[in-house]
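Visitor: kindly generate the corresponding structure for this input.
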Amino acid sequence: METQEFSLPAGPTTVINLVDGVSVEQFAARVQHPRDLLHVLQVFCRQVVGSFRVIQGAGVTVRFRGSPFTVAQTASWVRVLQESEFEGRDGPGLRALHTQRVVTSDRGELLTRWPALAQVMEDAGVRAAHAEPLLVHHRPVGVLTLYSTDFDFLDLGPERLIPVRDLLTAALTGYCTTHPHEDHAIRLHRELHNRQLLGQAIGVLVARHGISEERARRMLYEKARDGQVTPCTAARAVVRHHFSAGHPPPRFALTDGPC
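Guide: Below is the predicted model:
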């Protein structure tokens, strides 16, 4: 299924509609493949940051079984913060996930409640955080964590956050309902690996040919089509050739495109 660009509602709504007027239930039914879920979560993280003046970073963590892991983030420092939470087994995001309650903390509370995160918070310049648990069938499976580097306290109107939370929950619910007997953690980890592989291959092509990210992406898909292989297989060949030639890892931010 081809993923689509989804948009947040422009203002408070009781019946959430997307750009093409579908309901939350219809939206949930669209999110069936791991790439669809990761794409939607990434889009919403970016749009939350763009929609709230007080938010400079956002990330989504999920936990189906075993350890939690990050599936979407707007910046590398967001991933660093969330991985620090995982290492310390506590933090605003994990606290919201475990208690199924919203957690909002200013800078003082962050440092007092989670001193182990003090250094990474300082390095990232985080001054406040807000975490919203995401429940699927009444079970906590994810959390949306929002960060501010410009403001000491986050006063986010629930009338604006509820539509966001409901759409994120709908995406997770739609995916989990479509694959009730699958190991969601394994499937998402595999897709995250594929996306990282695609990002590395595009970075190699950008550096090698001095072209744009979009042109490199098209070139990679052309290689896949000409070789009658998947984009991931083509990406793997590009990356393998790059490293076998003794070149360093490409300096390139991971992309959001599906693999």
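
Visitor: residues in contact with the residue nearest to L134 when sequence neighbours are not counted?
Guide: Closest residue in space to L134, ignoring its immediate chain neighbours: G142 at 3.8 Å, by CB to CB, 6 or more residues apart in numbering. Any C-beta I mention is one placed from the backbone N, CA and C, and that applies to glycine too. Going by CB atoms under 8 Å, 6 or more residues apart in numbering, G142 touches V60, T61, V62, R63, V71, L97, P133, L134, V136, L168, L172.

Visitor: and this structure, what are its domains?
Guide: Following automatic domain parsing, one finds the domains of the chain at 24-181, 188-244.

Visitor: mean pLDDT for those - can I get that in TSV?
Guide: TSV is the format used below for these (pLDDT from 0 to 100):
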stretch	mean pLDDT
domain 24-181	89
domain 188-244	86
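
Visitor: so what does the helix or strand hosting Q26 touch, helix or strand wise?
Guide: Using DSSP states H and E, Q26 maps to helix 24-30. In terms of contacts (3 or more CB pairs under 8 Å, 6 or more residues apart in numbering; DSSP states H and E), helix 24-30 is packed against helix 158-178.

Visitor: buried sites along the next helix or strand after the helix it packs on?
Guide: Where DSSP H and E defines the elements, the next helix or strand beyond helix 158-178 is helix 184-209. Neighbour-count burial for helix 184-209, counted by 16 or more other CB atoms under 10 Å, picks out 184-185, 187-188, 191-192, 194-195, 197-207.

Visitor: quick check: buried residues in the helix or strand that helix 184-209 is followed by?
Guide: Sequence-wise, the next helix or strand downstream of helix 184-209 (DSSP H and E) is helix 213-227. Neighbour-count burial for helix 213-227 flags E213, A216, R217, M219, L220, K223, A224 (criterion: 16+ other CB under 10 Å).

Visitor: surely the last one and T233 touch.
Guide: So the one you mean is A224. Yes - between A224 and T233 there is a contact at 6.9 Å, judged by CB atoms under 8 Å.

Visitor: pLDDT score assigned to L254?
Guide: pLDDT, L254: 48.

Visitor: same question for the one 5 residues further on.
Guide: We have a pLDDT of 41 for C259.

Visitor: helix, strand, or coil at D155?
Guide: Under DSSP: H, G, I helix; E, B strand; the rest coil, the three-state class of D155 is coil.

Visitor: which of the three states applies to the nearest residue to it once chain neighbours are set aside?
Guide: Nearest residue to D155 in three dimensions, chain neighbours excluded: V54, at 7.7 Å (CB to CB, 6+ apart). At V54 the chain is in coil, as set by three-state DSSP.

Visitor: how far away is R113 from V49?
Guide: To V49, R113 is 24 Å away according to CB to CB, to the nearest Å.

Visitor: these two: which has the busier surroundings?
Guide: Between R113 and V49, V49 has the larger neighbour count (other CB atoms under 10 Å), namely 18 against 14.

Visitor: surely the more buried one meets A58?
Guide: Yes - using CB under 8 Å, V49 makes contact with A58 at a distance of 5.3 Å.

Visitor: shared neighbours, these two?
Guide: T74.

Visitor: so what sits opposite the most centrally placed residue in the chain in the bridge?
Guide: Closest residue to the average C-alpha location of the chain: A72 at 0.9 Å, with CA atoms, centre = their mean. Using DSSP bridges, the bridge partners assigned to A72 are V60.

Visitor: so who does it touch?
Guide: A72 makes contacts with L38, L41, Q42, F44, C45, G59, V60, as judged by CB under 8 Å, 6+ apart.
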